[in-house]
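Engineer: Quick one, what's the 3D model for this:
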Amino acid sequence: MKNNQSDMIIGRHPVVAALQNKKQSINKVFLQDNVKYDDTINEIVKLSKERHLVISKVPRQKLDYLSDHQNHQGVILAIAAYKYFTIDDTLHHAHEMGTDPFFLVLDRIEDPHNLGSMLRTADATGVTGVIIPKRRAVGLTSTVAKASAGAIERVPVVRVTNLVKTVKKLKKMGTWIFGTDIHGVDYRRWNAKGPVALVIGNEGKGISPLLKKQMDEMLTIPMLGKIQSLNASVAAGLVMYQGFNSRHSL
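Structural biologist: Purely as a prediction, here's the structure:
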C-alpha cells in the first residue's frame, strides 16, 4: 500500500467508518465542544476510547477551519494518510469476498463528489477494486471521503501511472473490459459474470481514444430526453447495478 498526503475525514458517518477500520491510522479526534450527543456521537466517542485516541473538544470555528468550511457535523478525524492499494490487493479482496474480480476503472474523473459517489455505489454493488490514474484526475481527499459515506474505508482504490498498460495487464489476466459510450450495446443486456472491468470516462470528454481501443465491448444507456448524457456518477451507478444484477441473479 502507498500513502497519500495527510488529510481529514469529515462528517459523522465517514468518521464512524474510519474508526471501525482497524487498518486506518488516526492521529486525533476533533469534537465540537457544544455538540449535541446522539447515538452516532456516542458511538464515535466509544470507538475512539477503544482505540485509545485523543479526543480534542474544540469550538465550531476550529472545525470550520480544519474542514475548509465543509459540513463537518461537529466531528473531524486527523488521519496520517489515505492508503492506495495494488492490483494484487484487489485480487485478494475478491478472493475474500468469494467472487470473481469486478473492477471499476475511472478515466480522468475530476470531480471529488463524483468519485465519492462512485465509491459508495461500488461498495453497494460488490466492486472489488477501483482503479484511478495518478495524473489529471482527483485522488482520495476529505471531500471524496465525505461523499463516499464511509465506502472509502471498504473499497480498495488502486492509483496507477498508465491506465492503458493497466488495462492490458488485466486483459492478460483474463479480465473482460467494458466501456461506456453513446454508441454501444444496451447496458441492460450486459452479462458481468466472470472477471470484468467497467471503464467510466471523464465527465466531459468520455474515455480517452487510446484506452477506448482496449475495450472488448462498449455499453450505452438509452435515453428518451433531448439531453443525451448523464452525470458520470449516475451513469456509473446504473451500469454497476446491472453488473450486480447479472452476477447475483434471483
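
Engineer: Could you name whichever residue is most remote from the centre of the protein?
Structural biologist: Ranked by distance from the centre of the chain (Cα atoms, centre = their mean), the top residue is residue 34, with 32.2 Å.

Engineer: Could you pull up the residues touching that one?
Structural biologist: Counting by Cβ atoms under 8 Å, 6 or more residues apart in numbering, residue 34 makes contact with residue 60. (C-beta placed from N, C-alpha, C; glycine too.)

Engineer: Could you measure from it over to residue 59?
Structural biologist: Distance of residue 34 to residue 59, computed by Cβ to Cβ, to the nearest Å: 8 Å.

Engineer: go on, residue 191?
Structural biologist: Taking Cβ to Cβ as the measure, residue 191 falls 55 Å from residue 59.

Engineer: can you check residue 51 too?
Structural biologist: From residue 51 over to residue 59 (counting by Cβ to Cβ), the distance is 24 Å.

Engineer: what do you get for residue 11?
Structural biologist: From residue 11 over to residue 59 the distance is 18 Å, taken as Cβ to Cβ.

Engineer: What distance do you get for the residue minimising distance to the centre of the chain to residue 11?
Structural biologist: Centroid-nearest residue in the chain: residue 119, 2.5 Å away (criterion: Cα atoms, centre = their mean). The gap separating residue 119 from residue 11 is 14 Å, by Cβ to Cβ.

Engineer: ok, which stretches of this structure are strands?
Structural biologist: Remark: strands assigned in the chain by DSSP state E are 2-3, 7-10, 26-32, 55-58, 75-79, 83-84, 102-106, 129-133, 157-160, 176-186, 196-200, 217-220.

Engineer: closest one to residue 38 among those?
Structural biologist: Within the strands of the chain, the stretch nearest residue 38 is strand 75-79; the backing value is 11.4 Å (Cβ to Cβ).

Engineer: Any idea what the residue nearest to residue 30 when sequence neighbours are not counted is bridged to?
Structural biologist: Leaving aside its sequence neighbours, residue 30 sits nearest to residue 76 (Cβ to Cβ, 6 or more residues apart in numbering; 4.4 Å). Taking DSSP bridges as the rule, residue 76 bridges to residue 10, residue 30.

Engineer: could we number from 8 for the rest of this?
Structural biologist: Okay, residue one is now 8; in that scheme the one you just asked about reads as residue 83.

Engineer: Quick check: residue 83 touching residue 16?
Structural biologist: Yes. If you go by Cβ atoms under 8 Å, residue 83 and residue 16 touch, sitting 6.9 Å apart.

Engineer: And the helices in this structure, which stretches?
Structural biologist: According to DSSP state H, the chain carries its helices in the segments 19-27, 46-57, 67-73, 94-104, 119-132, 149-155, 170-179, 216-219, 239-254.

Engineer: Could I get these in a markdown table, plus columns for mean pLDDT and distance to residue 143?
Structural biologist: Conversion of the helices of the chain to a markdown table gives the following (pLDDT from 0 to 100; distance: least, Cβ to Cβ, whole Å):
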| stretch | mean pLDDT | distance to residue 143 |
| --- | --- | --- |
| helix 19-27 | 92 | 26 |
| helix 46-57 | 95 | 36 |
| helix 67-73 | 92 | 28 |
| helix 94-104 | 91 | 21 |
| helix 119-132 | 96 | 13 |
| helix 149-155 | 85 | 16 |
| helix 170-179 | 97 | 11 |
| helix 216-219 | 96 | 13 |
| helix 239-254 | 96 | 15 |
